[in-house]
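In: When you get a sec, could you give me coordinates for this:
(chains A and B)
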Amino acid sequence: MLSFILQRLLTVTPVAIGVSIVCFLLVHLAPGDPLSAILPVDATQETIDAMRTAYGYDKPLPVQYVLWLWHVLHGDLGISIATGRPVVQEVGRAVVNSLILAFVATLIGFTFGTFFGFVAGYFRNSVLDRAASAISVFGVSVPHYWLGMVLVIVFSAQLGWLPPTGAGPDGSGNWRPDLDHLRYIILPAVTMSVIPMGVIARTIRALVGDILAQDFVGALRAKGMSEFGVFKHVVKNAAPTALAIMGLQLGYLLGGSILIETVFAWPGTGFLLNAAIFQRDLPLLQGSILVLAMFFVALNLIVDVVQTALDPRIERG
Amino acid sequence: MTTSVNEAAVAIRGLKVVFGGVVEAVDGVDLTLERGQAVALIGESGSGKSVTLRAIMRLNPERKTKIGGQILVAGQDVMALSAKGLRALRGRAVAMIFQEPLLALDPVYTVGSQITEAIRQHEKISAADARKRALQLFERVRIPSPERRLDAYPHEMSGGMRQRAMIALALACRPQVLLADEPTTALDATVQIQILLLLRELQAELGLSTIFVTHDLGAAVEVADRIAVMYAGRIVEEGSARDVVLNPHHPYTIGLMRSRADGALSKGTRLKTIPGSPPDLANRPPGCPFAPRCFLAEDRCRVDAPAYVAVEPGHRAACWRTDAAHAAFAGDKARVLEAAV
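Out: As a prediction, the model looks like this:
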């Protein structure tokens, strides 16, 4: 198992290098000079050249990349142009907030998605199946920012049960696991959980249907197993695929929550990315994209390893 | 038959199985399996042999299936069993071997754990003791290095070994009745023989009553005391293995005998087949279901279904023209003899 993990790590390295190159080039691909955002419009050529040398933009691209990578590897992602704080600090705080939101949302989505999926798969073509499938189709197809706004209107504006925006009562950007902060996470997490819930429910419905149609289920019944005993077998057979889907969904949530974080003013990476784009804060943009991309790489690695541990048919090594 | 119903290991009376309200997969099957006996159910795909076998354990999907008639296992009415009673019967009194062991074993559990699971479903026994029993079973079915194989996953074993493991699983709770659904079809020819010999040996030693489903006449003769030939959901001929093969009285059985290749086929000769295809079971024609393909069919065959004729004691055939059929087969034999001389 250890050698398998090491081997996966080795195969992941080129992917990570590729990702870092793309992130680095972002600055140069974006229209306009990277410095134009900081420099005043009427800056003299000397000032521009001085800044260029100061930021290292006068060196050839490969050299710039190596220097940049060297800094990144030492935990230095540069200074945010908008706030003047190190990008690492900004991204780190946002990542923690996004992670918390994504985990809570995945947990909700996975719990309900698994439940609806199993109900629908076990009682295929029944009224229960149709109801569960309708919910999951709704989950996949409803625009979630719209759902977020509807939830805010109902639960914040009308009923006044839950706060509409922010991560905590003090307005600070740090979420803590206490009751006050918990109230703030409910609406964004529920909104965010709807898509993974739908995807997981549909996947598990199909999966359970397939598994139940297999010969070994009949053979289990022929052994005299109770329905609960058969259910345990179905769960273990469904687990590798279900976990893979869950891992990917978690990955999407980490990066794909710009709309929801903006609707709920949740101080996460999506919110940060949104701000970085509109303020043309290139170091911040570069840094947050790099961190998010690395999350995907790491997540895929973890899913791979967990799946291999669960399913004996996947070759190790 | 002289023995009473209560003494038989399995007694099937007038079994009818209808799928989805239209497909009459089994249409009035009577079959008695005496204790310690092996009966082979023979027929082509879709003749209802597997459905009959599954009905004994009520394994056909209950929501879509309508079952009529009576099935008694050791005098116990299977149709009247509660869910709990049915679970106690399955695996314990009656066990089944499936056609394709790779599909019939759960791929994500080790073979050993699937056997101990079956044992512990039916008996209050510790995990360690159940494993010991599983190990003995593996030795019994002659799986090499059994200790190690217990921890193997199904995909890590060869086809023959998997089928041996499947047999060990079936025998785990010491059943009296063993149902085998084409146990050798998915295997290599050389492995088939080994599995057949193993089954015959186990049957004799453990005093098992066995029903074998197969479309292989050779395999049937090898293991069975009696043979029942099925066609379109009915038993068309039944008797001792010897009588049915050497002295067939139904044109369909004769057709099966003629279409055997068995090395007797010299180069350039055509393999004899039965023309046509089985009837649509959702839309049965009147009369004998085999009539449209029968070389002896006459007008009444297409109008009235034939009743069973006892051609010899313990040997019956459902045909209007058993005598003509028998004469045709005798002619076959004579020609073979002539050719040999």
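In: Isn't residue A:312 up against residue B:153?
Out: Yes - using Cβ atoms under 8 Å, residue A:312 is in contact with residue B:153, at 4.6 Å. The C-beta positions use only the backbone N, C-alpha and C, and glycine is treated the same way.
In: Could you pull out the residues contacting both of the two?
Out: Common contacts of residue A:312 and residue B:153 (Cβ atoms under 8 Å, 6 or more residues apart in numbering or on different chains): B:107, B:108.
In: Mind listing residues that contact stretch B:20-31?
Out: By Cβ under 8 Å, 6+ apart, stretch B:20-31 touches B:10-19, B:39, B:41, B:46, B:48, B:51-52, B:55, B:64, B:66, B:69, B:211, B:228, B:230, B:232-235, B:238, B:281-282, B:284.
In: Buried residues in it, which are they?
Out: For stretch B:20-31, burial by neighbour count (16 or more other Cβ atoms under 10 Å in any protein chain shown) applies to B:23, B:24, B:25, B:26, B:27, B:28, B:29, B:30, B:31.
In: same question, stretch A:18-34
Out: Those buried within stretch A:18-34 under the rule 16+ other Cβ under 10 Å are A:19, A:20, A:23, A:24, A:27, A:34.
In: Can you list the helices and strands that whichever strand or helix holds the first one packs against?
Out: In the assignment (DSSP states H and E), residue A:19 maps to helix A:2-29. Of the remaining helices and strands, those touching helix A:2-29 by 3 or more Cβ pairs under 8 Å, 6 or more residues apart in numbering or on different chains; DSSP states H and E are helix A:61-73, helix A:282-310.
In: Redo those helices as a markdown table? Include mean neighbour count and distance to residue B:90.
Out: A markdown table is the format used below for those (neighbours: other Cβ atoms under 10 Å in any protein chain shown; distance: least, Cβ to Cβ, whole Å):
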| stretch | mean neighbour count | distance to residue B:90 |
| --- | --- | --- |
| helix A:61-73 | 13 | 62 |
| helix A:282-310 | 19 | 29 |
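In: Just grab the bridge partners of residue B:23 for me.
Out: residue B:19 (DSSP bridges).
In: Residue A:220 and residue B:135: what is the separation?
Out: 22 Å (Cβ to Cβ, to the nearest Å).
In: Then residue A:180?
Out: Where residue B:135 is concerned, residue A:180 sits at a distance of 59 Å (Cβ to Cβ).
In: Same drill for these two, tell me which one is more crowded.
Out: residue B:135 (19 against 11; other Cβ atoms under 10 Å in any protein chain shown).
In: okay but that one is in contact with residue B:146, surely?
Out: Yes - using Cβ under 8 Å, residue B:135 is in contact with residue B:146, at 5.7 Å.
In: Okay, buried residues for the longest helix seen in chain A please.
Out: When chain A is parsed with DSSP state H, its longest helix is helix A:87-122. By neighbour count, with 16+ other Cβ under 10 Å as the criterion, the buried positions of helix A:87-122 are A:87-88, A:90-91, A:93-102, A:104-106, A:108-110, A:112-114, A:116-122.
In: Ok, stretch B:50-64 next?
Out: Applying 16+ other Cβ under 10 Å to stretch B:50-64 flags B:50, B:51, B:52, B:53, B:54, B:55, B:56, B:57, B:58, B:59, B:60 as buried.
In: Tell me the secondary structure at the last one.
Out: What it means is residue B:60. Following DSSP: H, G, I helix; E, B strand; the rest coil, we place residue B:60 in the coil state.
In: quick one: what helix or strand has the nearest residue to it once chain neighbours are set aside in it?
Out: Nearest non-adjacent residue to residue B:60, counting by Cβ to Cβ, 6 or more residues apart in numbering or on different chains: residue B:54, 5.0 Å away. Residue B:54 is part of helix B:49-56 when elements are defined by DSSP H and E.
In: quick one on the thing from earlier: let's see which of the contacts of stretch B:20-31 end up in strands.
Out: Within those, residues falling in strands by DSSP state E are B:10-19, B:39, B:41, B:66, B:69, B:211, B:228, B:230, B:234-235, B:238.
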